[in-house]
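In: The sequence and its predicted three-dimensional model are supplied below.
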Amino acid sequence: MPIGILAVVVTSTSWWDGILVALGLLAPLLLLRQWAPDGIPDGSILGVTLAAASWAVSAALGGSPLGVFALSLPGAMILIRLPRHRLVAIIGLIAASAALGALVFITQPFTLLTAANYLLIPAATTLFICIVMALVERYSDILLTLERAKHTEAELAVARERIRFASDLHDIQGHTLHVIKLKTALAKQVTDSDPIAAKQELDEVQRLIADTIARTQDLVHAQRRLNVAAEVENAKNLLEAAGIAVTITTINPVGDSEGALLAQVLRETTTNILRHSNSTRTTITIDAHRIEIINDGAGTGPLPPLGGLGTLRRRLEESGGTLGLARESGNFRTGATVPAAKTVASTRRRDR
C-alpha cells in the first residue's frame, strides 16, 4: 500500500487525479482491515467494483496510469483465493485493467505512447501485483500449516503423557488386582476347612491393597521414579516437538531428596505450556533447591484457576517449600523452591 500510494503521488497529473486514486485505494484498505488467514471477506465484490470505477474514471480523464493499482491490489487479493479457475480469473483481471485503461482514448487521441501508458503499464502492473500476492498467499499458507502442526504436536504430546500415565496405572493395579482376586477366591474355599490359612490369605490381600493404594498415590502425585534430570529431558523433548525453543540453565544440580517435587512442578508446567499457551520459547533454570520455568505466549489479565499446580502449591508449602506464579509482559513465570535435605531431616527429628 505505501509503495502504491507513493507511485501514484509521484505520477499524478493533477490534484484531482491524486484525490480520485486515493478514493479508489479505500477499497483495498477496507479489504485489508477484514483480511483473515483464509476465506474471502464480506463486501469484496463491492470493493472491487468501486476500485474498477475509480480506475475507469481516472483513465478516462487522463490520470496517472498507476491508478490501476487501486483495482489490481483488491482484485489480486480476491482472485488468488478462488477455489477454481484462478489462472483464468487473473488473466481476465489483467485484460480488464487494460480495457478500462483504454477509456483514455475518449478524451485523448490514439498514440503509441498513450497506448503503452494506459494499456501495457496497467496490464504489467496487474500481472506483477498478482505474482506478488500469489507469493504472499503461499507464504501465509506455509505459516498457517506450521501453526496448525505446532498445535497438533502439542496435543499429541499431551496424549502421549496420558497414555504413559495409563500404562503406569495398568502396571501398578492390573497384576495386583488379579492376585487379589485369586487370593480372595482361595480364602473363600478354605474358610471352613482351614480358618487360619483363610485369615493369612485375607491379611495378604489387605497388604496388597495398601501397597497398591500407596503406589497409585505416588503415581498420581508424579513421584514414581521421578527426578529432575529425567524430567528436564522429557520436557525438552515434548516442547521441542511442539515447535517451542527450550533453553536450559543448570546452576547447581538438584539432589534426589529435593528433586521429586521440583520434577513434578516441571512436569505439570510443561503440560500447561503445551495445552494452554501459544509459547514459542521456554527457559528452564535449575538450582540446588529451586526451579524456574518462564514461557512466552501468555495472555493478559488475572491468573487462571489453578488445577494441578494448586495441588502442588499445597504440597510444597506442607514440606516447607514455595510455589510462585506470575504473568508479566506476555511471559508466564513458574518458580518453585524446596528446603534443603538437611533442614527437612532436622525438622523431622524435632517432630519426633
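Out: Looks like it arrived, so ask away. Residues are numbered from 1 along each chain as shown.
In: can you pull out the helices in the stretch 51-200 of the chain?
Out: Counting by DSSP state H, counting those that start in this stretch, the stretch 51-200 of the chain has these helices, from start to end: 69-79, 86-101, 112-115, 121-190, 195-220.
In: Report all helices and strands that the second one contacts.
Out: It refers to helix 86-101. helix 44-60, helix 69-79, helix 121-190 (3 or more Cβ pairs under 8 Å, 6 or more residues apart in numbering; DSSP states H and E). Bear in mind the C-beta positions are built from the backbone N, C-alpha and C, glycine included.
In: For the helices of the stretch 51-200 of the chain, state which one has the densest average packing.
Out: helix 69-79 (a mean of 26; mean count of other Cβ atoms under 10 Å).
In: List the backbone torsions phi and psi for residue 42.
Out: phi -70, psi 150 (degrees, to the nearest 10).
In: Quick check: the closest residue to it other than its chain neighbours vs residue 266, distance?
Out: Nearest in space to residue 42, with sequence neighbours left out and distances taken as Cβ to Cβ, 6 or more residues apart in numbering, is residue 34 at 7.2 Å. As judged by Cβ to Cβ, to the nearest Å, residue 34 and residue 266 stand 43 Å apart.
In: neighbour-wise, which of those two wins?
Out: Under the neighbour definition other Cβ atoms under 10 Å, residue 34 and residue 266 were set side by side, and residue 266 has more, 25 against 13.
In: Am I right that that one is in a helix?
Out: Yes. Per DSSP: H, G, I helix; E, B strand; the rest coil, residue 266 lies within a helix segment.
In: how close does it get to residue 139?
Out: Look at residue 266 and residue 139: by Cβ to Cβ, they are 36 Å apart.
In: what does residue 70 give?
Out: On the measure of Cβ to Cβ, residue 70 and residue 139 end up 24 Å apart.
In: got it, and residue 324?
Out: 41 Å.
In: Residue 85 now?
Out: Applying Cβ to Cβ to residue 85 and residue 139 gives a distance of 23 Å.
In: cool, residue 280 as well?
Out: Where residue 139 is concerned, residue 280 sits at a distance of 18 Å (Cβ to Cβ).
In: What does the residue nearest the centre of the chain show for phi and psi?
Out: Most central in the chain under Cα atoms, centre = their mean is residue 278, positioned 3.9 Å from the mean C-alpha point. Backbone torsions of residue 278, given as degrees, to the nearest 10, read phi -110, psi 50.
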